[in-house]
Every structure is written in C-alpha cells, then in structure tokens.
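Colleague: I'll drop the sequence and a predicted model, then ask my questions.
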Amino acid sequence: MPEIHFPALDLNLLRVFDALAEEGSVTRAGVRLSLTQSAVSHALGRLRHVLDDELFVRGPDGMRPTARALEIAPRLRQGLDQLQHALTPASFVPAETQRRFTIAASAYVTTTLMPAAVDLVRREAPNAEIRLRPVTPTIGEDLQTGRIDVAIGGFGAPAPRFEKEVLFQETTVWALRADHPAARADSLTLKALADIPHVILAGADEDRAIDGRVSEGGLERLVIWDDAAALDKALSERGWRRTIGLTTQDAVSALAIASRTDMAALAPRRLALTFAGPLGLKLFEPPYRSPPAPIEALWRHDLSQSPPIEWLRGRLRAAAAQL
C-alpha cells in the first residue's frame, strides 16, 4: 500500500467517500453533496488512486464497499464529526445553522413523534437538514462514531458512554376490523382474545431477543412490541393459550392486515388511533394488566453538553409533550 501524503489530500474527496459509504449510490451521494454523478465518479476515481483500492464496486443493490472501505468508513465518519465539532461556533444559533442532524428511529416513532419534532426544528432552524435512519444492530457503533446524533426507541440500562432520557410512555391496544364478530361488544374479553388469532410486532432480531430485547454493543434495545408475559399469564390462569397468526416488523402493516382478516393486532396506542378511522378498525383496551413502555432518546455521553445536541433534544422533548 503506497504512503498517503495527507497534506495534499483534498478534504472534499473524504466527504464523497463518507456520502458513498452511507448512501451506497453515486446518484444519492451526488444529491446529498449537490454534485453531479460524473463529479462523484471522478472523485471516487481519485480516491481509488490515492488509496490503491477499488473502495466501492457495483452490485445488484448499489455500490458495495470493499473490505478496505469498511475499515475506513467508521473512523472517517468519527474524524469528520470531530472536525465539524471543532469548527462549530461555541454559541449555537439555530436560525443560522446548516448542520445535519441524524436521528435513528423506528417507523412507529417516525409516524407519531417526528412530524411534531420536524415542525419544531424547521421553525427554529430552517436551514438545518434532518436525516431519519432506521434503528439497526449497529446503533451503538453509529452513535459512537457520530453517524447518528440521537436514537429514539426503548432501551435498557446503557453503557457509561451513552445517556438517555424518557420522552413519553406508550401503551398498547388491540385492533379488530369494525365488522369483526368480536368487535360488536363494547369491550374485548380475555376469552374472545384467546379465540382470535393474533398479529404481533417483532423486529428482525426476534430470534435473539430475551423478554423482547436484544443486547449488543453496550446497548439493550426493545425489538418486540408485545406484552406476551402479561397476556400468557392471564390466559394460563384460565387454562387458555394464545394463537399467533402473523408476526410482522411494521405496526402499520399489522393494523392493515387486521382490517382485512379475522385476526386481532396488538399495536402502540398512538399509532392505532391515527389509523383506526382510515382502516375501519375498532380499538379495545387489553383485558389484562398491560404495562406501559417508555420511549427514550439515547445519545453519546460526551455530547451531553454539545449545544446542537442539547437543542435537538429539547425539540424532541417539546414534540413529545404535544402527544
């Protein structure tokens, strides 16, 4: 591998590398950086020459990073984040900032919390960019390297390098299509629930979950929206058991499927209230004791006093207060 003459290295090339690593597409990287596809391709060619590696190769689903690119990407993102932090004025002025805020959130959080949060951010910082990303198994690493500023979801006790705060509490409801035989009653009985197949929510990491949570990278996160322990206990006391008809990762899909089948879907209350009318659903309180789940913001401990992150967290708290 040739020695890299860093003082002569164009910083813009590193920005192109970072965009390609995140976007996996020359077109999307160009849009993000306000560059043409040919300019991005030209920059990639220069990077390949400087680093003596292909870095990104075309695949069926976009530009795939090589082993060398995978090695570089997290360290470069952390370096660019530190550089941005070093150049950020000590006094953060939302109305003047052009900073990009990256938030990891589930589809549920994106639908319920983020409309109000984005509205608040846009009012105070009209030139800021907001980037929403899904919550993935690499969330701890992404927070640590600065690829994500804040993650929102359900988390256990985090490692000391992270901090968190509760934004709001969420409960669940059972949803049935409005003309379902069991929906004729004013309430859903435990016996009726036992007789109906269930649609439940579970993430891609369901098989690794213990009590609905997985632990990785110093973080414990909720991956199953379910109150199975409480429901199973209530059913078993009467000699009954539940029937799971479908497991899906998306609460909106669960509600849509319940609206066209004989199944009952368990869903977060705020999301169910949003879609009950359009989908023709009737909502019921769980006929057993179902504990609420905290929805939390998680960030890097060393950024707790960072003015931009403090400001962003304040907007998230304000949006949560509107729910």
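Modeller: That came through fine.
Colleague: Give the helix, strand or coil label for the closest residue to Asp142 other than its chain neighbours.
Modeller: Excluding the flanking residues, the one nearest Asp142 by C-beta to C-beta, 6 or more residues apart in numbering is Ile148, at 4.3 Å. The way it works is simple: take the backbone N, C-alpha and C, and place the C-beta from them, glycine included. Three-state call for Ile148 (DSSP: H, G, I helix; E, B strand; the rest coil): coil.
Colleague: list the contacts for Ile148?
Modeller: 102-104, 133, 139, 142 (C-beta atoms under 8 Å, 6 or more residues apart in numbering).
Colleague: So what touches the helix or strand hosting Arg123?
Modeller: Assigned by DSSP states H and E, Arg123 belongs to helix 114-124. Contact partners of helix 114-124, identified using C-beta under 8 Å, 6+ apart, comprise 94-95, 101, 103, 105, 128, 130, 132, 312, 315-316, 318-319, 322-323.
Colleague: Okay, now the unreliable bits of the stretch 151-300 of the chain?
Modeller: 203-218, 222-225 (pLDDT under 70).
Colleague: Let me see the ranges of the helices in it.
Modeller: For the stretch 151-300 of the chain, the helices defined by DSSP state H, counting those that start in this stretch cover 190-195, 228-236, 251-258, 269-279.
Colleague: Of those, which stretch is the most buried?
Modeller: When you average the neighbours per residue for each of the helices of the stretch 151-300 of the chain (mean count of other C-beta atoms under 10 Å), helix 251-258 leads with a mean of 22.
Colleague: Look up how far His180 lies from Ala254.
Modeller: The gap separating Ala254 from His180 is 15 Å, by C-beta to C-beta, to the nearest Å.
Colleague: now Ile72
Modeller: In terms of C-beta to C-beta, Ile72 sits 54 Å off from His180.
Colleague: do Val26 as well
Modeller: 49 Å.
Colleague: cool, and Pro126?
Modeller: Pro126 is 46 Å from His180, by C-beta to C-beta.
Colleague: Settle it for me: which of these two has more neighbours?
Modeller: Legend: neighbour count by other C-beta atoms under 10 Å for Pro126 and His180, higher for His180 (19 against 12).
Colleague: My read is that the more buried one contacts Met263, right?
Modeller: No. Taking contacts as C-beta atoms under 8 Å, His180 lies outside contact range of Met263: 9.1 Å.
Colleague: Could you tell me which residues touch both of those two?
Modeller: Counting by C-beta under 8 Å, 6+ apart, nothing touches both His180 and Met263.
Colleague: Start from the N-terminal end of the stretch 101-250 of the chain and give the strands.
Modeller: Under the criterion DSSP state E, counting those that start in this stretch, the stretch 101-250 of the chain contains strands at 129-133, 150-153, 162-170, 172-177, 197-202, 213-216, 219-222, 224-225, 243-248.
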